[in-house]
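Asker: 3D model of this:
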Amino acid sequence: MWVWAAINYLDVIRNGSFVELFVLGLLALVSIASWGTIALKAGQLSRARSQSITFLDTFWKATRLEAIYEVAQRLEASPLSRVFVAGYDELTRLAQAKEAQDAAALAERMGGIENVQRALSRASSAQITELEARVSFLGTVGSAAPFVGLFGTVMGILSAFNEIAEKGNATLATVAAPIGNALFATAAGLFAAIPAVVAYNSFVARIRVFDTEMSNFSSDFLNIVKRHFFK
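Answerer: Predicted coordinates:
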């Protein structure tokens, strides 16, 4: 921490070239956007986990699908509840078609369990897409920010050496300050990249768990539907 405190940021801005300042400004904006994305996704995934636990507890304890459906409607942040709602809606539509006597209703009944399975699959894919929204931005920041910072450093060092060559004075005192300021861009790139990479890996792992849970839940739900509605 003392290194960051010892840096004179006004001197860095005052003595920086246009490219260095552009890179630092870009990295600052990206870092702010990255932290905002991290906060939003962390909150979304936390709510999804909490509500999914509540939904699963209700699902395995309830004796009627209608009661589960009522609870699922309130747990909108849970991917599992959204998958259940999609499957239940399709099951209800098939039950209504079963009561009808026309040819169209008969055609609907022929799909049977396959229709429910497709509804669950579509809902799972939609939920994964929603959970993954903006996560790729963190991956891009994590992979690109160090190179952007390095670009700023290289351009800063080139500018410093050109200035030294023009003045013909290459003492340590004249070289250290501009090169140190140029290296600040690399540090800024790493400062933006490291939290983004850590958050990206964490979010991807948590989303993968949700994907597995939705797949397992869909299988369990289909088994229940087969036993009770498609004998």
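Asker: elements contacting the biggest helix by length in the chain?
Answerer: Secondary structure assigned by DSSP state H gives helix 172-229 as the longest helix of the chain. Helix 172-229 makes packing contacts with helix 9-15, helix 18-61, helix 79-99, helix 113-132, helix 135-167 when contacts are defined by 3 or more C-beta pairs under 8 Å, 6 or more residues apart in numbering; DSSP states H and E. (C-beta placed from N, C-alpha, C; glycine too.)
Asker: now that helix, how far from the chain's geometric center?
Answerer: Centroid separation for helix 172-229 versus its chain: 7 Å, with C-alpha atoms, centre = their mean, to the nearest Å.
Asker: To Arg206, which of the helices and strands packed on helix 172-229 lies closest?
Answerer: Arg206 lies closest to helix 18-61 among those, at 5.3 Å (C-beta to C-beta).
Asker: what's downstream of the closest one, the next helix or strand?
Answerer: helix 65-74 (DSSP states H and E).
Asker: Flag every buried residue along that next one.
Answerer: By neighbour count on 16 or more other C-beta atoms under 10 Å, the buried set for helix 65-74 is 65, 68-69, 71-72.
Asker: Relative to Tyr200, which of the helices and strands packed on helix 172-229 is closest?
Answerer: Per C-beta to C-beta, nearest to Tyr200 of those: helix 135-167, 4.1 Å.
Asker: and the closest one, average pLDDT?
Answerer: Mean pLDDT, helix 135-167: 87.
Asker: Any buried residues in that helix, and which?
Answerer: Here helix 135-167 shows 135, 137-139, 141-142, 145-146, 148-153, 155-157, 159-160, 164 as buried, counting by 16+ other C-beta under 10 Å.
Asker: May I ask which helix or strand of the chain has the lowest mean pLDDT?
Answerer: Least confident helix or strand of the chain, by mean pLDDT, DSSP states H and E, is helix 2-6 with a mean of 45.
Asker: Could you report the distance from the most centrally placed residue in the chain to Thr37?
Answerer: Residue closest to the mean C-alpha point of the chain, counted by C-alpha atoms, centre = their mean, is Val135 at 2.6 Å. Val135 sits 8 Å away from Thr37, going by C-beta to C-beta, to the nearest Å.
Asker: cool, and Ser46?
Answerer: From Ser46 to Thr37 the distance is 15 Å (C-beta to C-beta).
Asker: same question, Asn162
Answerer: For Asn162 relative to Thr37 (C-beta to C-beta), the value is 38 Å.
Asker: what does Glu132 give?
Answerer: For Glu132 relative to Thr37 (C-beta to C-beta), the value is 12 Å.
Asker: so where is this protein shaky, pLDDT-wise?
Answerer: 1-16, 97-111, 167-177, 229-231 (pLDDT under 70).
Asker: hmm, back to that, if you count surrounding residues, which of Ser46 and Thr37 has more?
Answerer: Thr37 (20 against 12; other C-beta atoms under 10 Å).
Asker: surely that one meets Arg134?
Answerer: Yes. Between Thr37 and Arg134 there is a contact at 5.2 Å, judged by C-beta atoms under 8 Å.
Asker: Quickly list what's touching both of the two.
Answerer: With contacts defined as C-beta atoms under 8 Å, 6 or more residues apart in numbering, no residue is shared by Thr37 and Arg134.
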